[in-house]
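In: Provide a 3D model corresponding to the input given below.
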Amino acid sequence: MTPSLAKIGATRLTAALGIAALMLAAPVQAPATVGVGAHALQAATLVPEGNRNARQPKIPFASARRTAASNSAYDAKFDRIVAVLRRDTRLMRNIKRVADSYGIDPIHMIGAIVGEHTYNYDSLDSAQSYYVKALAYAGIRIEFAFGDEHVEDFVQRPEFERCNAGKRDSNARWSCYQRYWNSRFRNRQVDGVRYPDKTFNETFFQPLFAGQSFGLGQLSPLTVLKMSDRVARVSGFRKLTARDAQEVYRSTMDPARSLHYMAAVLRDAIDAYRQVGGVDISKNPGITATLYNLGDPWTRAAQYKRRRASGQARWPEENYYGWLVNDRIETLRGLL
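Out: Numbers count the residues shown, from 1 in each chain. Here you go, the predicted model:
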């Protein structure tokens, strides 16, 4: 038997949609073009399957606190989301179809969904439940702003001139905004306004309660905006704008759409490690799940490349979240 997941409680609750943060790290600096070049594909070394760590890395306190608050154990939450996916055959067909559209193995999407609902949120009963939940937000007036200043107006300031120059795609542009927010505004006073010591996402994209991420894939509105151009190219959905917050939330919460943004995030991580890190992580769903959990794949790929060059790292390593995916891979592949 594999090492047991940490227990926090023994009783399952009737699950409701959780609204809380994905773990965030340093802001991404994605290139303007995120396609995979022939040279990058040729140079990439395949990362072996499985975990690099014999034992599961430490689970962060925030995840333990959420699980304790729901009085649910990690094993129980894992079993519940696996049961939801096994029961919802229509959802599984959609996952396979969408994964194929983005050129990824559907196991990467399964891993991301299972990780989110094991460590961060309890699952609803089916994908349809998320759609119903999405409709509940339809009548709520939502605006992405800090005080009276809309984020789209905010990023027209001179500090963001470099981000708006040229033909950057949505991923590069919004990642650039994040970077300049951290260096020029975060925890600083600018033009008489004191800006909070919070991430760009927390400052402008949390109009509902305290949540940062939503829906089956627990995506943040900012992540959806980043993936807008890629999803538009592949799916034919129209490009999103922060001016239309309702449409952003619909894309975040409606599984018919959010699966595309999930797949785009995972594809982006694979591309980042191929182009920048020189390795192919497409056969290791624990690594892609780790990056889905942490975000910032282009920055992380660059950091990995430096560690590898200096002899400090051989392969990318999974965190607690990705470790679970690789540890339970036979169960997850059984869903397909």
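
In: spatially central residue for this structure, please.
Out: Residue closest to the mean C-alpha point of the chain, counted by CA atoms, centre = their mean, is Y292 at 4.2 Å.

In: residues in contact with the closest residue to E318 other than its chain neighbours?
Out: Excluding the flanking residues, the one nearest E318 by CB to CB, 6 or more residues apart in numbering is G286, at 4.2 Å. For the C-beta atoms, the positions are set from N, CA and C on the backbone; glycine is no exception. Going by CB atoms under 8 Å, 6 or more residues apart in numbering, G286 touches 50-51, 111, 318, 322-327, 329.

In: repeat that for 7 Å
Out: Applying CB atoms under 7 Å, 6 or more residues apart in numbering to G286 gives the contacts 51, 318, 322-323, 325-326.

In: and if you look at Y195?
Out: For Y195, the contact set (CB under 7 Å, 6+ apart) comprises 185-188.

In: go on, G217?
Out: Residues in contact with G217 (CB under 7 Å, 6+ apart) are 112-113, 116, 258, 261-262.

In: could you do K96 as well?
Out: By CB under 7 Å, 6+ apart, the contact set of K96 is P106.

In: can you give the distance from the host helix or strand of it to the centre of its chain?
Out: If you go by DSSP states H and E, K96 is part of helix 89-101. Centre-to-centre, helix 89-101 and its host chain are 18 Å apart (CA atoms, centre = their mean, to the nearest Å).

In: ok, stretch 323-336 next?
Out: Distance of stretch 323-336 from its chain centroid, counting by CA atoms, centre = their mean, is 19 Å.

In: contacts for it, please.
Out: By CB under 7 Å, 6+ apart, the residues outside stretch 323-336 that reach it are 2, 5, 50-51, 53, 56-57, 82, 85-86, 92, 106-107, 110-111, 114-115, 118, 285-286, 289, 318.

In: hang on, the earlier thing: find the residue closest to the residue nearest to the centre of the chain in space, skipping its chain neighbours.
Out: Nearest to Y292 is A112, by CB to CB, 6+ apart, at 4.3 Å.

In: what count of nearby residues applies to that neighbour?
Out: Neighbourhood size, A112 [other CB atoms under 10 Å]: 28.

In: ok, the one 3 residues further on next?
Out: Applying the criterion other CB under 10 Å, we find 26 residues in the vicinity of G115.

In: quickly note the distance from V84 to A269.
Out: 24 Å (CB to CB, to the nearest Å).

In: and these two? Which one has more around it.
Out: Per other CB under 10 Å, whichever of V84 and A269 has more neighbours is A269, with 27 against 21.

In: run a quick check on the more buried one versus L291, I expect a contact.
Out: Yes: A269 sits in contact with L291 when judged by CB atoms under 7 Å, with a separation of 4.1 Å.

In: anything in contact with each of the two?
Out: Counting by CB under 7 Å, 6+ apart, the contacts common to A269 and L291 are P297.

In: sorry, back to before: farthest pair in the contacts of Y195?
Out: F185 and N187 (8.2 Å; CB to CB).

In: which of the two has more neighbours?
Out: Of the pair F185 and N187, F185 is the one with more neighbours under other CB under 10 Å, namely 20 against 10.

In: find the nearest non-adjacent residue to the more buried one, please.
Out: Take F185 and drop its neighbours on the chain: the residue closest to it by CB to CB, 6+ apart is Y195, 4.6 Å away.

In: separation between that neighbour and W174?
Out: Per CB to CB, Y195 is found 18 Å from W174.

In: and what of P196?
Out: Using CB to CB, we find P196 at a distance of 19 Å from W174.

In: for the chain, just list every one of the strands.
Out: Under the criterion DSSP state E, the chain contains strands at 45-46, 145-146, 149-150, 189-190, 193-194, 279-280.

In: sheet partners, orientation included, of the third one?
Out: So the one you mean is strand 149-150. Strand pairing for strand 149-150, using DSSP bridges, gives strand 145-146 (antiparallel).

In: run through who's touching the partner strand.
Out: Applying CB under 7 Å, 6+ apart, the contact partners of strand 145-146 are 151, 154, 203-204.

In: near I59, how many other residues are there?
Out: Neighbour tally, I59, other CB under 10 Å: 19.

In: tell me what the top helix by length along the chain is packed against?
Out: The longest helix of the chain (DSSP state H) is helix 255-272. Contacts defined by 3 or more CB pairs under 7 Å, 6 or more residues apart in numbering; DSSP states H and E place helix 255-272 against helix 89-101, helix 106-119, helix 127-136, helix 228-235, helix 245-253, helix 285-294, helix 297-309.
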